[in-house]
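Colleague: here is a sequence with its predicted model. Questions after.
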There are 2 protein chains.
Amino acid sequence: MNDRQTPIERLVLIGVGLIGGSLARALKSAGAVGEVVGVARSRRTGERALALGVVDRFSTSAGDAVRGASVVVIATPVATFPAILDAISGGLADDAVVTDVGSVKRYVVDAVRKHLRAHSTRFVPGHPIAGTEQSGVDASFAELYRGRHVILTPLPDTDATATQLIANMWEVAGADVLQMDVDRHDRVLAATSHLPHVIAYALVRFLAEHPERETLFELAAGGFYDFTRIASSDPVMWRDICLTNGEPIVDALRGFRAGLDAFIRAIEEHDGETLERFFSQAKRARDAGLDAKNRRQNPV
Amino acid sequence: MNDRQTPIERLVLIGVGLIGGSLARALKSAGAVGEVVGVARSRRTGERALALGVVDRFSTSAGDAVRGASVVVIATPVATFPAILDAISGGLADDAVVTDVGSVKRYVVDAVRKHLRAHSTRFVPGHPIAGTEQSGVDASFAELYRGRHVILTPLPDTDATATQLIANMWEVAGADVLQMDVDRHDRVLAATSHLPHVIAYALVRFLAEHPERETLFELAAGGFYDFTRIASSDPVMWRDICLTNGEPIVDALRGFRAGLDAFIRAIEEHDGETLERFFSQAKRARDAGLDAKNRRQNPV
C-alpha cells in the first residue's frame, strides 16, 4: 500500500507458486503487508516458501489458515477452486476480502457464487497477465508484476471497497490495474493467450504425428523451438483452461481457421498480391503492438 | 577446407547479406578461400562488405563477377534466380561450381535447368538451416553455421565432385551436411519452417482484424510476442516462399488444420481426457526434439 492506505494485516496465500510467491515478495518488500500465511498442499512446499522468506508461516489446511485473514489470495489452478471455496467459506471473517489469479473468469465467478455464497460480494475476481516459463516458489521474485497488466472483473454486486483494496494491492506490486466485464475478459484472453497456446500445441502435434517426424524434429531450426516454447507449459493446466473457457476459445479457433483458409486460397491461386498484403498487415500490426508495449513497460 | 582439400581459389558471392556474408567470413577465418568477390545490387552494400572485410572486392554485375570463379554462391531471394542465372550462364568457366542457399529447392532446380542449361550439372542446390532475426552483411558472423544443418539436394545428373566440393565447403564452415531428394526437402521444410511462419502471420492477422484489436494487442503478454516473432520477417520473402513452394505448404496447412479441428471437437465435447492427451503428446515431442537438438549442437 502507498502511505494513504493501511497495510494488509494478514494475507493468506492459498497456493505458494510463482504467481502467489511473487505477489507476497512484492508486498513484503513494499512494507504493505503485516503477516503472510501460506497454504500449501505439501509440507515440503510450505517449508520451502518459509525458508525463502516468502511466507511467515504456513498451513496445509486452507480452512484453518483463513481464520483472521484480512485478504485471501487464491493462487492455485482453477479446477481446485470449488473445493477450496467450500473449505474456506465457513472460516472467513465478515470483512475479509477474497481474490484470485485464475486465467479464466466466468468459471471462477460461477464457482464463487455457488461455493462462497453470502461472502461472494467480497470476492474480487482477478487475473495478473504475467508469468515466466518457470513455475514454483523458487522461481518467484518481487518484480514479476512491474509494468504488467492485472485485470479485475468485479460484478455489479461486488463490494466497491473490496475491489479498491485489491486494485491497490496490485498497484503496490507495480502492476497496471484494469477493470473489465467477466465475459469480455474471457473473450480477450481466449484470443491473446488461449488461442496461441492451442495453436502451438496443435503445430507440435502435427509434426509429432507426421510420417517423417524424426527428420522434421531434427531439421526444425531454432525459430521453430522458440515459436513453440509455449507448448511446453503444463498440459493439465491447458486442459483445464480449455474445459473452463471452451466457448470463447472455440470462437477464436474458428476465426483463426477462417483466416488460415484465406492463406490457403491465396497460395493455391498463386495470388502474390494478396499474400504480400496478408504478410505485411501482420508484420505491421505486430511491430506496432510491440512498440506500444515496450513504450508502456519502459517509459522514457 | 581441411588439409585434404585445396582451398577455393575464387569464391563469387552473389548477394552479400547475413547468409552469404557469414559463409564468406567462416571460409576466410578457416583459410579455405583465396579471394572473395561480392556481387551487390547497390554500391553501398558492396562497400560496406568491403569495409567489414567480408569480401576482397565487389561488383554490381553478376555476369562480370563470375568470370574466373571457382565457386559461385547465389545468396539472394529465390525470385531473383532466373535473372541471375541468365546473367551468369555465359561467363562461367567450364569447371566452375555453382550453388545456392534458397529455402525452396524444386523451384530452384527448375530455374537452373531452364536458365543455366549445359552448366546445370555443376549446380549443387543447397539450403543452410540457419539464420537470425537480423539481416544484412552487418549482422553476418563466422560462427553462424556451427552445428547447423545444411541440406544439399543434388539431382541424379549433378556432378559428384561438384557436390563433394560444396559439402566440404559447408563442413569447413562448421555445418553438418545432409543430402536429400529435392521434393522431400520441400515437404520437410514446408512442415518445419513454412507452416510455422504462415501460422504465426495468420495468428497476428486474426488479432489485427478483430473488432477488439487495440485491447488484444495491449493485453497480449510477452509470450504472444515471443510466439509470433517469426511473423516479423520480410513479407516479400514469405510471399515468394509461398509462391515457389505452394503445394507442399498447402498440404502442411491442411494437415495442421485437421489437427486443429480435432482440438475444436475435443473442446466442444468437453473431452478432458483427449485434451490432456493432445497437450501431453505435443509437450513430450517438443521436449524430446529440443533435447536431441541441444545434444547435437553442444556435444559433451
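Modeller: The structure has been received and is ready for your questions.
Colleague: hmm, the helix or strand bottoming out on mean pLDDT in chain A in reach of chain B?
Modeller: Ranking every helix and strand in chain A by mean pLDDT, DSSP states H and E puts helix A:222-227 at the bottom, with a mean of 80. Yes: Helix A:222-227 reaches chain B (CB under 8 Å from any CB of the partner chain) through A:Gly223, A:Phe224, A:Tyr225, A:Asp226, A:Phe227. Where C-beta positions appear, they are placed from N, C-alpha and C, glycine not excepted.
Colleague: mind listing what's buried in stretch A:52-70?
Modeller: A:Val54, A:Val55, A:Asp56, A:Phe58, A:Ser59, A:Ala62, A:Gly63, A:Ala65, A:Val66, A:Arg67, A:Ala69, A:Ser70 (16 or more other CB atoms under 10 Å in any protein chain shown).
Colleague: quick check, nearest of the residues you listed to chain B?
Modeller: Nearest to chain B among these, counting by CB to the nearest CB, is A:Val54 at 23.0 Å.
Colleague: can you tell me the SS state at the closest one?
Modeller: coil (DSSP: H, G, I helix; E, B strand; the rest coil).
Colleague: quick check: it touching A:Gly38?
Modeller: Yes: if you go by CB atoms under 8 Å, A:Val54 and A:Gly38 touch, sitting 7.0 Å apart.
Colleague: got any residues that touch both of the two?
Modeller: By CB atoms under 8 Å, 6 or more residues apart in numbering or on different chains, A:Val54 and A:Gly38 have these common neighbours: A:Val16, A:Ala24.
Colleague: so which helix or strand takes in the spatially closest residue to A:Asp261 that is not a sequence neighbour?
Modeller: Closest residue to A:Asp261 apart from its sequence neighbours, by CB to CB, 6 or more residues apart in numbering or on different chains: B:Arg257 at 7.8 Å. Assigned by DSSP states H and E, B:Arg257 belongs to helix B:246-268.
Colleague: show residues contacting that helix.
Modeller: Under CB under 8 Å, 6+ apart, the answer for helix B:246-268 is A:198-199, A:201-203, A:205-206, A:209-210, A:242-243, A:246, A:249-250, A:253-254, A:257, A:260-261, A:263-264, A:267-268, A:270, B:183, B:186-187, B:189-191, B:194-195, B:198-199, B:241-242, B:271, B:274-275, B:278.
Colleague: now those residues: which count as buried?
Modeller: So, by 16+ other CB under 10 Å, the buried ones in the contacts of helix B:246-268 are A:198-199, A:201-203, A:205-206, A:210, A:242-243, A:246, A:249-250, A:253, A:257, A:260, A:263-264, A:267, B:186-187, B:189-191, B:194-195, B:198-199, B:241-242, B:271, B:274-275, B:278.
Colleague: return the residues of the stretch 1-150 of chain A in contact with chain B.
Modeller: Residues of the stretch 1-150 of chain A found near chain B (CB under 8 Å from any CB) are A:Ile129, A:Ala130, A:Gly131, A:Arg148, A:His149.
Colleague: can you tell me which of those are in strands?
Modeller: A:His149 (DSSP state E).
Colleague: and the residues of the stretch 1-150 of chain A next to chain B, which two are the farthest apart?
Modeller: The most widely separated members of those, counting by CB to CB, are A:Gly131 and A:His149 (12.1 Å).
Colleague: I'm done for today, thanks for sticking with me.
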